[in-house]
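*Asks:* Below: sequence and its predicted model.
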Amino acid sequence: MEQDIWYLILNPQAGGGKAAKLEKKIYRQMHAAGIGFEAFKTNYAGEAKTAAVQAIEAGYIKIVVAGGDGTLNEVINGVLSQNVKPSEEILIGQIPIGTGNDWCKTWGIPKGIKESIALLRNPKSTLQDVAKITFQNAGVEDSKWFLNIAGCGFDAEVTLAANQKKAKGQSGFFTYIFQLIKTLKQYKEPRMKYEIDSKEFEYDIFAILAGVCKYAGNSMLLVPDADPRDGYFHLTIAKKIKRTKVIRNLHRLFNGSFVNVEEVSVCQCKRLLIKTSGLQIQADGESIGETPAMFEIFEKKLHVVIHADHVFKKSN
(Lines give C-alpha, C1' and ligand atoms only; values in the text may rest on other atoms or scores of the structure.)
Protein backbone atom coordinates (compact mmCIF):
# COMPACT_ATOMS: atom_id res chain seq x y z
CA MET A 1 0.00 0.00 0.00
CA GLU A 2 1.05 3.62 -0.56
CA GLN A 3 2.44 5.31 2.52
CA ASP A 4 0.80 8.65 1.73
CA ILE A 5 -2.67 7.12 2.20
CA TRP A 6 -4.44 8.07 5.42
CA TYR A 7 -6.21 5.40 7.45
CA LEU A 8 -9.42 7.10 8.60
CA ILE A 9 -11.00 5.69 11.77
CA LEU A 10 -14.54 7.02 12.19
CA ASN A 11 -16.64 6.54 15.32
CA PRO A 12 -20.31 6.96 14.28
CA GLN A 13 -21.35 7.34 17.94
CA ALA A 14 -19.11 10.37 18.52
CA GLY A 15 -20.85 13.62 19.36
CA GLY A 16 -23.91 11.80 20.61
CA GLY A 17 -24.37 10.09 17.25
CA LYS A 18 -23.67 13.24 15.22
CA ALA A 19 -20.70 11.58 13.55
CA ALA A 20 -22.91 9.00 11.79
CA LYS A 21 -24.76 11.81 10.04
CA LEU A 22 -21.49 13.43 8.97
CA GLU A 23 -19.87 10.29 7.56
CA LYS A 24 -20.61 10.95 3.88
CA LYS A 25 -19.71 14.63 4.24
CA ILE A 26 -16.31 13.66 5.67
CA TYR A 27 -15.62 11.29 2.78
CA ARG A 28 -16.68 13.95 0.23
CA GLN A 29 -14.40 16.54 1.81
CA MET A 30 -11.47 14.11 1.89
CA HIS A 31 -11.96 13.42 -1.84
CA ALA A 32 -12.44 17.13 -2.61
CA ALA A 33 -9.17 17.92 -0.84
CA GLY A 34 -7.39 15.31 -2.93
CA ILE A 35 -6.46 13.24 0.10
CA GLY A 36 -6.15 9.49 -0.40
CA PHE A 37 -7.64 7.42 2.40
CA GLU A 38 -8.98 4.07 3.51
CA ALA A 39 -11.94 4.28 5.91
CA PHE A 40 -12.84 2.10 8.86
CA LYS A 41 -16.03 2.61 10.88
CA THR A 42 -16.09 1.40 14.48
CA ASN A 43 -18.96 -0.71 15.78
CA TYR A 44 -18.33 -0.77 19.53
CA ALA A 45 -16.36 0.92 22.28
CA GLY A 46 -12.68 0.03 22.19
CA GLU A 47 -12.60 -1.03 18.54
CA ALA A 48 -10.69 2.11 17.48
CA LYS A 49 -7.69 0.84 19.46
CA THR A 50 -7.76 -2.50 17.63
CA ALA A 51 -8.26 -0.74 14.29
CA ALA A 52 -5.18 1.44 14.87
CA VAL A 53 -3.02 -1.61 15.65
CA GLN A 54 -4.28 -3.46 12.57
CA ALA A 55 -3.71 -0.41 10.37
CA ILE A 56 -0.07 -0.15 11.47
CA GLU A 57 0.42 -3.89 10.98
CA ALA A 58 -0.93 -3.44 7.44
CA GLY A 59 1.68 -0.74 6.74
CA TYR A 60 -0.20 2.52 7.33
CA ILE A 61 1.87 5.27 8.92
CA LYS A 62 -0.79 8.01 8.88
CA ILE A 63 -4.00 7.69 10.92
CA VAL A 64 -6.75 10.30 11.11
CA VAL A 65 -9.47 10.06 13.75
CA ALA A 66 -13.00 11.22 12.94
CA GLY A 67 -14.43 11.43 16.44
CA GLY A 68 -13.91 13.03 19.81
CA ASP A 69 -11.40 12.87 22.63
CA GLY A 70 -12.48 9.35 23.62
CA THR A 71 -11.96 7.94 20.14
CA LEU A 72 -8.61 9.70 19.85
CA ASN A 73 -7.60 8.19 23.20
CA GLU A 74 -8.43 4.70 21.93
CA VAL A 75 -6.34 5.26 18.80
CA ILE A 76 -3.27 6.51 20.66
CA ASN A 77 -3.55 3.53 23.00
CA GLY A 78 -3.37 1.34 19.89
CA VAL A 79 -0.42 3.27 18.50
CA LEU A 80 1.47 3.02 21.79
CA SER A 81 0.68 -0.66 22.42
CA GLN A 82 1.85 -2.05 19.05
CA ASN A 83 5.42 -3.16 18.38
CA VAL A 84 5.58 -2.89 14.60
CA LYS A 85 6.76 0.73 14.38
CA PRO A 86 7.96 3.32 16.90
CA SER A 87 5.04 5.55 17.87
CA GLU A 88 7.01 8.61 16.75
CA GLU A 89 6.85 7.32 13.15
CA ILE A 90 3.03 7.18 13.07
CA LEU A 91 1.42 10.50 12.16
CA ILE A 92 -1.93 11.15 13.90
CA GLY A 93 -4.52 13.70 12.82
CA GLN A 94 -8.05 14.44 13.95
CA ILE A 95 -11.32 15.58 12.44
CA PRO A 96 -13.00 16.79 15.67
CA ILE A 97 -16.64 15.70 15.67
CA GLY A 98 -16.99 14.62 19.30
CA THR A 99 -18.73 16.24 22.25
CA GLY A 100 -15.83 18.18 23.74
CA ASN A 101 -12.91 18.02 21.29
CA ASP A 102 -10.67 19.43 24.00
CA TRP A 103 -7.32 18.09 22.81
CA CYS A 104 -7.68 19.97 19.51
CA LYS A 105 -7.93 23.31 21.27
CA THR A 106 -4.37 23.11 22.56
CA TRP A 107 -3.06 22.80 18.99
CA GLY A 108 -5.46 25.19 17.28
CA ILE A 109 -7.14 22.51 15.18
CA PRO A 110 -10.38 24.00 13.79
CA LYS A 111 -13.81 22.48 14.46
CA GLY A 112 -14.95 22.66 10.85
CA ILE A 113 -14.74 19.43 8.88
CA LYS A 114 -13.39 21.11 5.74
CA GLU A 115 -10.86 23.15 7.73
CA SER A 116 -9.55 20.25 9.83
CA ILE A 117 -9.26 18.02 6.75
CA ALA A 118 -7.25 20.76 5.00
CA LEU A 119 -4.56 20.32 7.66
CA LEU A 120 -3.93 16.78 6.40
CA ARG A 121 -2.48 18.06 3.11
CA ASN A 122 1.21 18.79 3.56
CA PRO A 123 0.61 18.66 7.31
CA LYS A 124 2.55 20.61 9.90
CA SER A 125 3.27 18.28 12.78
CA THR A 126 5.04 18.03 16.10
CA LEU A 127 6.06 15.45 18.67
CA GLN A 128 4.13 15.79 21.93
CA ASP A 129 4.42 14.12 25.30
CA VAL A 130 2.12 11.32 26.39
CA ALA A 131 1.33 9.86 29.80
CA LYS A 132 0.58 6.45 31.23
CA ILE A 133 -1.63 5.58 34.20
CA THR A 134 -1.37 2.29 36.06
CA PHE A 135 -4.59 1.81 38.03
CA GLN A 136 -7.12 -0.68 39.38
CA ASN A 137 -9.88 -2.06 37.17
CA ALA A 138 -12.35 -4.31 39.00
CA GLY A 139 -9.61 -5.25 41.43
CA VAL A 140 -7.04 -6.04 38.75
CA GLU A 141 -4.08 -3.85 37.85
CA ASP A 142 -4.45 -2.24 34.43
CA SER A 143 -2.81 0.59 32.48
CA LYS A 144 -3.81 3.18 29.91
CA TRP A 145 -2.18 6.00 27.95
CA PHE A 146 -3.55 9.52 27.68
CA LEU A 147 -2.49 12.58 25.70
CA ASN A 148 -4.59 15.36 27.25
CA ILE A 149 -5.70 15.47 30.90
CA ALA A 150 -6.43 12.88 33.57
CA GLY A 151 -7.69 13.41 37.08
CA CYS A 152 -8.89 12.05 40.36
CA GLY A 153 -11.52 13.47 42.69
CA PHE A 154 -14.36 15.77 41.75
CA ASP A 155 -13.63 15.94 38.00
CA ALA A 156 -13.52 12.15 37.79
CA GLU A 157 -16.90 11.89 39.54
CA VAL A 158 -18.38 14.44 37.12
CA THR A 159 -16.92 12.51 34.19
CA LEU A 160 -18.47 9.28 35.47
CA ALA A 161 -21.89 10.93 35.79
CA ALA A 162 -21.61 12.61 32.37
CA ASN A 163 -20.53 9.35 30.69
CA GLN A 164 -23.50 7.55 32.19
CA LYS A 165 -25.75 10.16 30.59
CA LYS A 166 -23.82 9.90 27.32
CA ALA A 167 -24.52 6.16 27.27
CA LYS A 168 -28.21 7.08 27.33
CA GLY A 169 -27.84 9.47 24.40
CA GLN A 170 -27.53 12.63 26.47
CA SER A 171 -24.34 14.61 25.83
CA GLY A 172 -23.04 18.09 25.15
CA PHE A 173 -21.97 21.15 27.09
CA PHE A 174 -25.16 21.70 29.10
CA THR A 175 -25.40 18.02 30.06
CA TYR A 176 -21.86 18.24 31.41
CA ILE A 177 -22.56 21.44 33.37
CA PHE A 178 -25.76 19.96 34.82
CA GLN A 179 -23.86 16.87 36.00
CA LEU A 180 -21.13 19.09 37.40
CA ILE A 181 -23.60 21.02 39.55
CA LYS A 182 -25.50 17.88 40.57
CA THR A 183 -22.27 16.12 41.59
CA LEU A 184 -21.10 19.20 43.47
CA LYS A 185 -24.13 19.02 45.79
CA GLN A 186 -23.34 15.50 46.96
CA TYR A 187 -19.55 15.37 46.67
CA LYS A 188 -17.42 15.04 49.81
CA GLU A 189 -13.67 15.57 49.62
CA PRO A 190 -11.76 12.35 50.38
CA ARG A 191 -8.68 12.30 52.56
CA MET A 192 -6.08 11.63 49.90
CA LYS A 193 -2.54 10.34 50.31
CA TYR A 194 -0.35 11.04 47.31
CA GLU A 195 3.24 11.50 46.16
CA ILE A 196 4.58 14.09 43.75
CA ASP A 197 8.01 12.98 42.52
CA SER A 198 8.36 10.86 45.69
CA LYS A 199 7.46 13.73 48.06
CA GLU A 200 4.51 12.67 50.23
CA PHE A 201 1.34 14.66 50.97
CA GLU A 202 -1.98 14.04 52.72
CA TYR A 203 -4.94 16.43 52.52
CA ASP A 204 -8.68 16.55 52.01
CA ILE A 205 -8.63 16.94 48.22
CA PHE A 206 -11.33 18.37 45.99
CA ALA A 207 -9.51 17.33 42.80
CA ILE A 208 -6.10 16.58 41.32
CA LEU A 209 -5.62 17.11 37.59
CA ALA A 210 -2.54 15.94 35.71
CA GLY A 211 -2.22 17.78 32.42
CA VAL A 212 -0.17 17.01 29.36
CA CYS A 213 -2.35 19.57 27.55
CA LYS A 214 -4.58 22.41 28.77
CA TYR A 215 -8.31 21.86 28.16
CA ALA A 216 -10.98 19.45 29.39
CA GLY A 217 -14.70 19.39 30.16
CA ASN A 218 -15.82 21.20 27.00
CA SER A 219 -13.31 24.06 26.78
CA MET A 220 -12.48 24.46 30.46
CA LEU A 221 -8.89 25.65 30.88
CA LEU A 222 -8.18 23.28 33.74
CA VAL A 223 -4.38 23.11 33.50
CA PRO A 224 -3.66 26.54 32.03
CA ASP A 225 0.14 26.35 31.81
CA ALA A 226 0.44 22.79 30.56
CA ASP A 227 2.96 22.45 27.74
CA PRO A 228 2.74 19.16 25.81
CA ARG A 229 6.37 19.38 24.76
CA ASP A 230 8.19 20.17 28.01
CA GLY A 231 8.40 16.64 29.43
CA TYR A 232 6.44 17.43 32.61
CA PHE A 233 3.00 16.97 34.05
CA HIS A 234 1.43 20.24 35.07
CA LEU A 235 -0.69 19.53 38.15
CA THR A 236 -3.69 21.48 39.34
CA ILE A 237 -4.50 20.57 42.95
CA ALA A 238 -7.61 21.85 44.69
CA LYS A 239 -7.91 21.22 48.43
CA LYS A 240 -11.17 21.24 50.39
CA ILE A 241 -13.23 24.25 49.36
CA LYS A 242 -16.64 25.67 50.23
CA ARG A 243 -19.34 24.88 47.70
CA THR A 244 -20.44 28.51 47.48
CA LYS A 245 -16.88 29.47 46.56
CA VAL A 246 -16.80 26.79 43.85
CA ILE A 247 -20.01 28.13 42.33
CA ARG A 248 -18.80 31.76 42.49
CA ASN A 249 -15.67 30.76 40.58
CA LEU A 250 -17.14 28.42 37.97
CA HIS A 251 -16.77 31.03 35.23
CA ARG A 252 -13.04 31.21 35.96
CA LEU A 253 -12.65 27.59 34.78
CA PHE A 254 -12.93 28.90 31.22
CA ASN A 255 -10.04 31.36 31.39
CA GLY A 256 -7.76 29.48 33.78
CA SER A 257 -7.83 32.17 36.47
CA PHE A 258 -9.38 29.76 38.99
CA VAL A 259 -5.82 28.64 39.81
CA ASN A 260 -5.48 31.92 41.72
CA VAL A 261 -8.13 30.81 44.25
CA GLU A 262 -6.54 30.27 47.67
CA GLU A 263 -7.35 26.55 47.85
CA VAL A 264 -5.83 25.82 44.44
CA SER A 265 -2.15 25.25 43.72
CA VAL A 266 -0.16 24.27 40.64
CA CYS A 267 3.17 22.53 40.15
CA GLN A 268 5.17 20.43 37.70
CA CYS A 269 6.35 16.86 38.09
CA LYS A 270 7.40 13.69 36.29
CA ARG A 271 5.46 11.27 38.44
CA LEU A 272 2.27 11.30 40.51
CA LEU A 273 1.24 8.44 42.78
CA ILE A 274 -2.19 8.45 44.42
CA LYS A 275 -2.07 5.93 47.26
CA THR A 276 -5.62 6.17 48.62
CA SER A 277 -7.80 3.33 47.34
CA GLY A 278 -11.24 3.37 45.72
CA LEU A 279 -11.25 6.83 44.10
CA GLN A 280 -12.49 7.28 40.54
CA ILE A 281 -10.03 8.19 37.78
CA GLN A 282 -10.77 9.79 34.42
CA ALA A 283 -8.42 10.05 31.46
CA ASP A 284 -9.15 12.12 28.33
CA GLY A 285 -12.77 12.44 29.42
CA GLU A 286 -13.42 8.73 29.99
CA SER A 287 -13.88 6.91 33.30
CA ILE A 288 -11.23 4.18 33.41
CA GLY A 289 -11.00 2.74 36.93
CA GLU A 290 -9.90 3.47 40.47
CA THR A 291 -6.94 4.28 42.66
CA PRO A 292 -4.31 3.48 43.79
CA ALA A 293 -2.80 4.82 40.60
CA MET A 294 0.56 5.84 39.17
CA PHE A 295 0.81 8.64 36.59
CA GLU A 296 4.02 8.77 34.51
CA ILE A 297 4.98 11.05 31.63
CA PHE A 298 6.96 10.10 28.51
CA GLU A 299 8.56 12.78 26.38
CA LYS A 300 7.65 13.36 22.74
CA LYS A 301 6.19 9.94 21.98
CA LEU A 302 3.28 11.04 19.75
CA HIS A 303 3.60 12.56 16.27
CA VAL A 304 0.53 14.76 15.75
CA VAL A 305 -0.86 17.12 13.11
CA ILE A 306 -1.28 20.70 14.33
CA HIS A 307 -2.47 23.97 12.82
CA ALA A 308 0.20 25.51 10.59
CA ASP A 309 -0.33 29.01 12.03
CA HIS A 310 -0.63 27.88 15.64
CA VAL A 311 1.77 29.47 18.10
CA PHE A 312 1.91 27.73 21.46
CA LYS A 313 1.73 30.24 24.29
CA LYS A 314 1.70 29.99 28.04
CA SER A 315 -1.29 31.34 29.95
CA ASN A 316 -0.83 34.74 31.59
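*Replies:* Yes, it's here. Not measured: the values here are computed from a predicted model. Numbering: from 1, shown residues only.
*Asks:* in the protein, which spans are helices?
*Replies:* 18-32, 47-57, 69-81, 102-106, 113-118, 154-166, 173-186, 243-248 (DSSP state H).
*Asks:* Contacts only, for residue 115.
*Replies:* Residue 115 makes no contacts at all, as judged by Cβ atoms under 8 Å, 6 or more residues apart in numbering. The C-beta positions use only the backbone N, C-alpha and C, and glycine is treated the same way.
*Asks:* right, I mislabeled it, should have said residue 231
*Replies:* 129, 270, 297, 299, 300.
*Asks:* And for residue 146?
*Replies:* Residue 146 touches 73, 76, 130, 131, 132, 133, 212, 283, 284, counting by Cβ under 8 Å, 6+ apart.
*Asks:* Filter those residues down to the ones in strands?
*Replies:* 130, 131, 132, 133, 283 (DSSP state E).
*Asks:* Name the member of the residues you listed with the most neighbours.
*Replies:* Top of those by neighbour number is residue 283, holding 29 neighbours under the definition other Cβ atoms under 10 Å.
*Asks:* coming back round to it: among the contacts of residue 231, which pair sits farthest apart?
*Replies:* 270 and 300 (14.0 Å; Cβ to Cβ).
*Asks:* In a markdown table: the ones in strands among the contacts of residue 146, plus pLDDT and distance to residue 16.
*Replies:* Shown next, in a markdown table, are these (pLDDT from 0 to 100; distance: Cβ to Cβ, whole Å):
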| residue | pLDDT | distance to residue 16 |
| --- | --- | --- |
| 130 | 98 | 27 |
| 131 | 98 | 27 |
| 132 | 98 | 29 |
| 133 | 98 | 26 |
| 283 | 95 | 20 |
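*Asks:* Can you tell me which of these is nearest residue 177?
*Replies:* residue 283 (20.9 Å).
*Asks:* can you pull the contacts of that closest one?
*Replies:* 73, 133, 144, 146, 149, 150.
*Asks:* Tell me the spacing between it and residue 153.
*Replies:* 14 Å (Cβ to Cβ, to the nearest Å).
*Asks:* Let me see the confidence value for residue 142.
*Replies:* At residue 142, the model reports a pLDDT of 97.
*Asks:* burial of it, as a residue count?
*Replies:* So residue 142, with other Cβ under 10 Å, has 13 neighbours.
*Asks:* my guess is it meets residue 136, correct?
*Replies:* Yes. Residue 142 is in contact with residue 136 according to Cβ atoms under 8 Å; the separation is 7.2 Å.
*Asks:* For these two, list the residues in contact with both.
*Replies:* residue 289.
*Asks:* May I have the phi/psi pair for the closest residue to residue 5 other than its chain neighbours?
*Replies:* Closest residue in space to residue 5, ignoring its immediate chain neighbours: residue 36 at 4.5 Å, by Cβ to Cβ, 6 or more residues apart in numbering. Phi and psi for residue 36, reported as degrees, to the nearest 10, are phi -70, psi 140.
*Asks:* Wait, residue 36 touches residue 6, no?
*Replies:* Yes. Under the criterion of Cβ under 8 Å, residue 36 makes contact with residue 6 at 6.8 Å.
*Asks:* so what secondary structure elements neighbour the longest strand anywhere in the chain?
*Replies:* What stands out as the longest strand in the chain, according to DSSP E, is strand 286-306. Counting contacts by 3 or more Cβ pairs under 8 Å, 6 or more residues apart in numbering; DSSP states H and E, strand 286-306 packs against helix 69-81, strand 91-96, strand 124-137, strand 140-146, strand 149-153, helix 154-166, strand 271-274, strand 280-283.
*Asks:* just checking, what packs against the fifth one?
*Replies:* Strand 149-153 is packed against strand 199-211, strand 215-216, strand 280-283, strand 286-306, with contacts defined by 3+ Cβ pairs under 8 Å, 6+ apart.
*Asks:* Kindly reformat these as JSON lines containing distance to residue 224.
*Replies:* Shown next, in JSON lines, are those (distance: least, Cβ to Cβ, whole Å):
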{"stretch": "strand 199-211", "distance to residue 224": "9"}
{"stretch": "strand 215-216", "distance to residue 224": "9"}
{"stretch": "strand 280-283", "distance to residue 224": "19"}
{"stretch": "strand 286-306", "distance to residue 224": "18"}
